[in-house]
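Trainee: need a structure here:
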Amino acid sequence: MNSQDYQNLPDVRDGLTRKERVVLYCLHEAQKELGGRNVPTAMLYGRVVEHIDMGVDELQTILQRLMSQPK
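Mentor: Numbering: from 1, shown residues only. Predicted coordinates for the structure are as follows:
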């Protein structure tokens with residue numbers, strides 16, 4: 001198993017993958033800077049790719065999956 005495979009493996013603690021965790025971290029930081037307002041997807045994508053290699057389609061898929069999970 002190479003390092004790329006580990007990025008898609010859910011963490012046993014909360015079920016989030018590394019990529020999902022990076023997206024949530026970047027979203028949280030951007031929301032703090034914007035005073036709790038909605039974060040434009042383009043802004044979020046720019047922050048995410050500073051941490052991890054990800055395409056726009058993959059970000060959209062992750063955001064859709066995170067929004068559809070029960071709370």
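Trainee: Centroid-nearest residue for the protein?
Mentor: Val23 (1.8 Å; Cα atoms, centre = their mean).
Trainee: For it, give me its contacts.
Mentor: Contact analysis of Val23 by Cβ atoms under 8 Å, 6 or more residues apart in numbering lists Leu44, Val48, Leu59, Ile62, Leu63, Leu66. (Glycine included, C-beta is placed from N, CA and C.)
Trainee: out of the residues you listed, which are inside strands?
Mentor: Among these, no residue falls in strands (DSSP state E).
Trainee: which of the residues you listed has the most neighbours?
Mentor: Neighbour counts for the contacts of Val23 (other Cβ atoms under 10 Å) peak at Val48, which has 22 neighbours.
Trainee: For stretch 49-56, which residues meet the burial criterion?
Mentor: By neighbour count with 16 or more other Cβ atoms under 10 Å, stretch 49-56 contains the buried residues Met54.
Trainee: now stretch 22-33
Mentor: So, applying 16+ other Cβ under 10 Å, buried residues of stretch 22-33: Val22, Val23, Cys26, Leu27, Ala30.
Trainee: Would you confirm that Val56 contacts Val48?
Mentor: No. Judged on Cβ atoms under 8 Å, Val56 makes no contact with Val48 at a distance of 9.9 Å.
Trainee: Now do the SS call for Met54.
Mentor: Here Met54 is recorded as coil under DSSP: H, G, I helix; E, B strand; the rest coil.
Trainee: shouldn't it be in contact with Glu20?
Mentor: No. Contact criterion Cβ under 8 Å: Met54 and Glu20 do not qualify, at 10.6 Å.
Trainee: Redo the buried residues of stretch 22-33 as TSV? Include pLDDT and secondary structure.
Mentor: What follows is the buried residues of stretch 22-33, written out as TSV (pLDDT from 0 to 100; DSSP: H, G, I helix; E, B strand; the rest coil):
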residue	pLDDT	secondary structure
Val22	95	helix
Val23	96	helix
Cys26	97	helix
Leu27	96	helix
Ala30	97	helix
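Trainee: Could you identify the most distant pair in those residues?
Mentor: Val22 and Ala30 (12.4 Å; Cβ to Cβ).
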